[in-house]
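>>> what's the 3D shape of this:
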Amino acid sequence: MMEIRNLILTGMLSQTAVLPAIADELPNIVFVLVDDMGIGDIGCYYNQSKIKTPHLDELASKSLQFMQHYSGSTVSAPSRCSLLTGKHTGHSYIRGNKGVRNEKGNFDQHLPEDEVTVAELLKQKGYSTMCVGKWGLGGPGTSGSPVNKGFDYFFGYLSQGDAHRYYPPYLYENETKVQLDGRVYSHWMIMDKGLDFIRTRKEGQPYFAYFAITPPHADLDYPNLSEYADKFSETPYINKKGRGGFKTQMMPKAAYASMVTEIDRSVGEIIALIKRRGEWENTIFIFSSDNGVHSVGGHDPDFFDSNGPFRGYKRDLYEGGVRTPFIVSWPERIQEHRETSHISAFWDFLPTVCDIVNLKLPEGVDGISYLPTLLGEEDRQLQHEYIYYEFYEMGGKQSILKDGWKLVRLNVSKPAELVEELYYLPDDVGEEHNLIASDQAKADILRLLMKKAHTESELFKW
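Alright, predicted model coming up:
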């Protein structure tokens, strides 16, 4: 508890220190979160050559590019919970993908009433707030529904399971079903709704627009593959599971590349609209992915080098499962391209927003504001003591990173089969050389920190 109070006080001091540097006019905040895309899939990180991402590459060329940024988790729901509530998975309410069935259908474990989101905080400053795309933190009528978590408007998939299909039978507008009968490519409709939200904002009213779009999550599905058809040697993916499996895709490489390029076009559309409205200079525009790249539905991440130099994919706690692209544009404050090695994570977003708009942090937040890094004042930037994860699928996993040393624990739910691995990332970013046998003293320190980082949860147990 003492550490929490110290963190809150530190955050408040940081806010006071930077207030003179922030304009009187509150900035718009636009966060584009894509689903299961690898850090290597866009050209500006590790020279992706097979997939075209010109708008993202142009954005990065004038923005702050984080080179060691971590998602909230290695799967969707806990990652989004971390982003919106400022807590890592050792403390967060949602620590895994957990389905809940009620009279309205199958949804996801919902956030409780007392969990405060960044949207609820921004409402205190007069922001208009929107989420379009995939929610995954509670169904209609629950305390975790987006309209009960600070969002004025929602359109898209409330349930993660539904978001596997790009031609869904329905989507939700706020808490009302919009029947589509499988006739509409969902991403285009979701984008239209999000752009309409921005178009209809009154001049001078700040807004938070959260585009939680679903590509390139499987299904691998795009209406027109002509841009990449015949560009790659293809191995068709055949659905052998029926309704529960991912759809058959005869050109999975072309489909995946098309979906990433569609993401790029969508980013271009959002930016163009904001510029037409004359708001670009004072808009904070962030692009990221909710976790590492997936390897299902026919996607071959190794062919595209989707995870760059990193080991692992979605559902791994190796760097490839949790290290994500993170690009921040704020032309009024960031005038040219910079790269930062500052270690940051999804749970830093909420305290950074609080820092920017001068709001007190809620209690229990794990994040640290990276506003000093945005402003080019790295000498004032606070650092994380560690980056911690816990994950409850595949036998249970934990990882912790401190001072370049990373401990990974596998089969945590099966103590007799527990496996521990230790890596030193500055010399081994690909996590190829397990040092656990030679550095037990370092592993002992990291194990103690893991115990410190983890709190018990009624919903998620080893």
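>>> hey, where'd the helices end up in the stretch 151-300 of the chain?
With DSSP state H, counting those that start in this stretch, the ranges of helices along the stretch 151-300 of the chain come out as 186-199, 252-276.
>>> Any idea which of those helices gets closest to Pro112?
Set against Pro112 and scored by Cβ to Cβ, the helices of the stretch 151-300 of the chain come closest in helix 186-199, at 26.8 Å. The C-beta positions use only the backbone N, C-alpha and C, and glycine is treated the same way.
>>> Could I get the pLDDT score of Ile8?
pLDDT for Ile8: 38.
>>> can you redo the helices of the stretch 151-300 of the chain as TSV with mean neighbour count?
Shown next, in TSV, are those (neighbours: other Cβ atoms under 10 Å):
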stretch	mean neighbour count
helix 186-199	19
helix 252-276	21
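>>> Switch those helices over to JSON lines; also include distance to Ser63 and mean pLDDT.
Formatted as JSON lines, the helices of the stretch 151-300 of the chain follow (distance: least, Cβ to Cβ, whole Å; pLDDT from 0 to 100):
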{"stretch": "helix 186-199", "distance to Ser63": "19", "mean pLDDT": "98"}
{"stretch": "helix 252-276", "distance to Ser63": "11", "mean pLDDT": "98"}
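>>> I'd like the ones you listed as a markdown table, with distance to Val429 appended.
Converted to a markdown table, the helices of the stretch 151-300 of the chain look like this (distance: least, Cβ to Cβ, whole Å):
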| stretch | distance to Val429 |
| --- | --- |
| helix 186-199 | 33 |
| helix 252-276 | 23 |
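>>> Quick one: residues contacting Leu111.
Neighbour list for Leu111: 81, 85, 93-94, 117, 137-138, 143-144, 149 [criterion: Cβ atoms under 8 Å, 6 or more residues apart in numbering].
>>> Where does the record place the domain boundaries for the protein?
2-384, 389-453 (automatic domain parsing).
>>> Ranked by average pLDDT, which of those falls at the bottom?
Among the domains of the chain, domain 2-384 scores lowest, at a mean of 94.
>>> And the strands in the stretch 351-462 of the chain?
387-391, 397-402, 405-410, 419-424 (DSSP state E, counting those that start in this stretch).
>>> the inter-axis angle of the last one versus strand 405-410?
With axes from the mean of the first three to the mean of the last three Cα atoms, to 10 degrees as the basis, strand 419-424 and strand 405-410 are set at 160 degrees to each other.
>>> Can you list the strands that strand 419-424 pairs with?
Taking DSSP bridges as the criterion, strand 419-424 sits next to strand 405-410 (antiparallel) in its sheet.
>>> now the angle between strand 387-391 and the partner strand, please.
Using the same axes, to 10 degrees: strand 405-410 against strand 387-391 is 10 degrees.
>>> if I look at the nearest residue to Phe346 once chain neighbours are set aside, how far off is Cys81?
Closest residue to Phe346 apart from its sequence neighbours, by Cβ to Cβ, 6 or more residues apart in numbering: Gly72 at 3.7 Å. Computed as Cβ to Cβ, to the nearest Å, the Gly72 to Cys81 distance reads 7 Å.
>>> which residues are in contact with both of the two?
Ser92.
>>> For the residue lying closest to Asn28 once chain neighbours are set aside, grab the count of nearby residues.
Nearest residue to Asn28, sequence neighbours excluded (Cβ to Cβ, 6+ apart): Thr283, at 4.3 Å. Close neighbours of Thr283, defined as other Cβ atoms under 10 Å, add up to 23.
>>> separation between Thr283 and Leu459?
Relative to Leu459, and taking Cβ to Cβ, Thr283 is found at 37 Å.
>>> Count residues in the vicinity of Ser61, would you?
That count, for Ser61 with other Cβ under 10 Å as the rule, works out to 12.
>>> same question, the one 3 residues further on
Residue crowding around Leu64 was assessed by other Cβ under 10 Å; the count is 24.
>>> before we move on, the earlier item: which of the domains of the chain sits most buried?
domain 2-384 (a mean of 20; mean count of other Cβ atoms under 10 Å).
>>> which residues are contacting stretch 244-254?
164-165, 218-221, 225, 227-229, 231-239, 255, 296-300, 303-304.
>>> and if we set it to 7 Å?
For stretch 244-254, contacts defined as Cβ atoms under 7 Å, 6 or more residues apart in numbering pick out 164, 218-221, 225, 228-229, 231-232, 234, 236-239, 255, 296-300, 303.
>>> Tell me which of the residues you listed fall in strands.
Residues of the contacts of stretch 244-254 located in strands (DSSP state E): none.
>>> Format the CA atom coordinates belonging to stretch 222-240 as PDB.
The C-alpha coordinates for stretch 222-240 follow below in PDB (Å, rounded to 0.1, in the frame of the first residue of the first chain):
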ATOM      1  CA  TYR A 222     -10.800  -9.700 -46.800                       C
ATOM      2  CA  PRO A 223     -13.200  -8.900 -49.600                       C
ATOM      3  CA  ASN A 224     -10.600  -8.200 -52.300                       C
ATOM      4  CA  LEU A 225      -7.300 -10.000 -52.400                       C
ATOM      5  CA  SER A 226      -6.200  -8.600 -55.800                       C
ATOM      6  CA  GLU A 227      -3.500  -6.400 -54.300                       C
ATOM      7  CA  TYR A 228      -1.500  -9.400 -53.100                       C
ATOM      8  CA  ALA A 229      -3.000 -12.300 -55.200                       C
ATOM      9  CA  ASP A 230      -0.200 -14.300 -56.900                       C
ATOM     10  CA  LYS A 231       2.400 -12.400 -55.000                       C
ATOM     11  CA  PHE A 232       3.200 -15.300 -52.600                       C
ATOM     12  CA  SER A 233       3.400 -19.100 -52.800                       C
ATOM     13  CA  GLU A 234       0.300 -20.100 -50.900                       C
ATOM     14  CA  THR A 235      -0.700 -23.100 -48.800                       C
ATOM     15  CA  PRO A 236      -4.500 -23.100 -48.500                       C
ATOM     16  CA  TYR A 237      -5.900 -23.200 -45.000                       C
ATOM     17  CA  ILE A 238      -8.900 -25.600 -44.700                       C
ATOM     18  CA  ASN A 239     -11.300 -25.400 -41.800                       C
ATOM     19  CA  LYS A 240     -11.700 -28.900 -40.500                       C
END
